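In: Next comes the sequence, and after it the predicted model I'd like to discuss.
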Amino acid sequence: MITSSQNPKIQRIIQLQQHSRERKLHNAFIVDGVRLIEEAVQAKWEIEYLFFSSNLSERGLKLIDVLTGKSIVTEEIPLSLMKKVSETENPQGIIAVVKQNQLPLPNHLDFILICDGINDPGNLGTILRSADAARTQLVLVTSNSVDIFNPKVVRSGMGAHFHLPIYQLNWAKINLILNKTPIPIKTLVASADANLSCWDIDLTQPIALVVGNEAHGPGEEAYQSADQLIKIPMPGKSESLNAAIATGILLFETVRQRQK
């Protein structure tokens, strides 16, 4: 049993939790909790090593047996130490270091989501979860957004990282992807200044939906890439919506139109 917070593996988890540069340098991130680690295993993402503690559930203990059978290093640590390395208020008793993976780009793109300057990790994770539920083919996250492997993004994403191709790129590379699709993609930027409602545009055509920063909306490069600005009608007195809520409305209006 590892008991010291100065253990190199413990220190590595803390560094990966706290610093995006460490996650990028080591091409690894933290997955915390039974369900998310199960998702990582099912998706065949490489687990470097895993810690568990005495409060782990029966379901979690069965997962440990599965991972041990796969020759993955699993080590017990005291609950007090688990509380130090986990960023959750009530740790489930299991935490893993997982190698970053990137699912391939789909061949026939017609439903893309672009997150432009999303800085709140809870918002980005919720957006990814909604994109997964809406069966979005690809999510592109601009490089000035929060790190897609930030622990709060991963937790809020609820497994979306393991199902969805998610790429964090600058606008030059995003435009390369948009311009190389066999079928032309129409880039629709969500903007409070738009004249066209999302209810009144054809979302069954190949589209890339762009949602912007929580406070300032889309950036200049997003507007430069836009084929059309669209808005969500808001008859009430509120001037704006939470970024994750707005994205969910646009995604599922797309789903509604395509299932019609």
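Out: Received the coordinates, thanks.

In: Now the top helix by length along the chain: buried residues?
Out: The longest helix of the chain (DSSP state H) is helix 243-259. Across helix 243-259, burial judged by 16 or more other C-beta atoms under 10 Å covers A243, A244, A246, T247, G248, I249, L250, L251, E253, T254, V255. In this view, the C-beta of every residue, glycine as well, is placed from N, C-alpha and C.

In: Now distance to N27 and pLDDT too, for these, in JSON lines please.
Out: Putting the buried residues of helix 243-259 into JSON lines (distance: C-beta to C-beta, whole Å; pLDDT from 0 to 100) gives the following:
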{"residue": "A243", "distance to N27": "28", "pLDDT": "94"}
{"residue": "A244", "distance to N27": "27", "pLDDT": "96"}
{"residue": "A246", "distance to N27": "32", "pLDDT": "95"}
{"residue": "T247", "distance to N27": "28", "pLDDT": "97"}
{"residue": "G248", "distance to N27": "31", "pLDDT": "98"}
{"residue": "I249", "distance to N27": "35", "pLDDT": "98"}
{"residue": "L250", "distance to N27": "32", "pLDDT": "98"}
{"residue": "L251", "distance to N27": "29", "pLDDT": "98"}
{"residue": "E253", "distance to N27": "36", "pLDDT": "98"}
{"residue": "T254", "distance to N27": "33", "pLDDT": "98"}
{"residue": "V255", "distance to N27": "33", "pLDDT": "98"}
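
In: With respect to S71, which of those is nearest?
Out: Using C-beta to C-beta, A244 comes nearest to S71 of the buried residues of helix 243-259, at 38.8 Å.

In: could you measure the closest residue to that closest one other than its chain neighbours against I118, distance?
Out: By the measure of C-beta to C-beta, 6 or more residues apart in numbering, the closest residue to A244 outside its immediate chain neighbours is T126, 4.0 Å from it. In this structure, T126 and I118 are 10 Å apart, going by C-beta to C-beta, to the nearest Å.

In: Give me the more crowded residue out of these two.
Out: I118 (25 against 22; other C-beta atoms under 10 Å).

In: Can you tell me what sits against the longest helix of the chain?
Out: Identification of contacts with helix 243-259 by C-beta atoms under 8 Å, 6 or more residues apart in numbering yields 111, 113, 115, 118, 120, 122-124, 126-127, 130-131, 134-136, 190, 198-199, 202-204, 207, 209, 211-214, 230, 232, 241.

In: Now with 6 Å, please.
Out: Outside helix 243-259, the residues that touch it by C-beta atoms under 6 Å, 6 or more residues apart in numbering are N123, T126, I127, S130, A134, C198, L203, T204, L209, V211, E214, I232.

In: Next: stretch 120-138.
Out: Residues from elsewhere that reach stretch 120-138 (C-beta under 6 Å, 6+ apart): 106, 109, 111-113, 118, 139, 146, 150, 152-153, 156-158, 160, 163-165, 214, 243-244, 247-248, 251-252, 255.

In: Tell me which entries of these lie within strands.
Out: Cross-referencing these against strands under DSSP state E gives F111, I112, L113, V139.

In: out of those, who's nearest A226?
Out: Of all the ones in strands among the contacts of stretch 120-138, A226 sits closest to I112, with 13.6 Å by C-beta to C-beta.

In: Tell me how far that closest one lies from L178.
Out: Distance, I112 to L178, by C-beta to C-beta: 8 Å.

In: same question, D202
Out: Counting by C-beta to C-beta, the gap from D202 to L178 is 18 Å.

In: and these two? which has more neighbours close in?
Out: For D202 versus L178, the count of surrounding residues by other C-beta under 10 Å is larger for L178: 20 against 8.

In: pLDDT score for the more buried one?
Out: Per-residue pLDDT puts L178 at 95.

In: Use 43 as the first number from now on
Out: In the new count, where the first residue is 43, that last one comes out as L220.

In: Return the backbone torsion pair for it.
Out: Per-residue torsions, L220: phi -60, psi -40 (degrees, to the nearest 10).

In: and the nearest residue to it once chain neighbours are set aside, how many neighbours?
Out: Leaving aside its chain neighbours, L220 sits nearest to I227 (5.3 Å; criterion: C-beta to C-beta, 6+ apart). By the criterion of other C-beta under 10 Å, I227 has 20 neighbours.

In: Before I go, just wanted to say thanks for your time.
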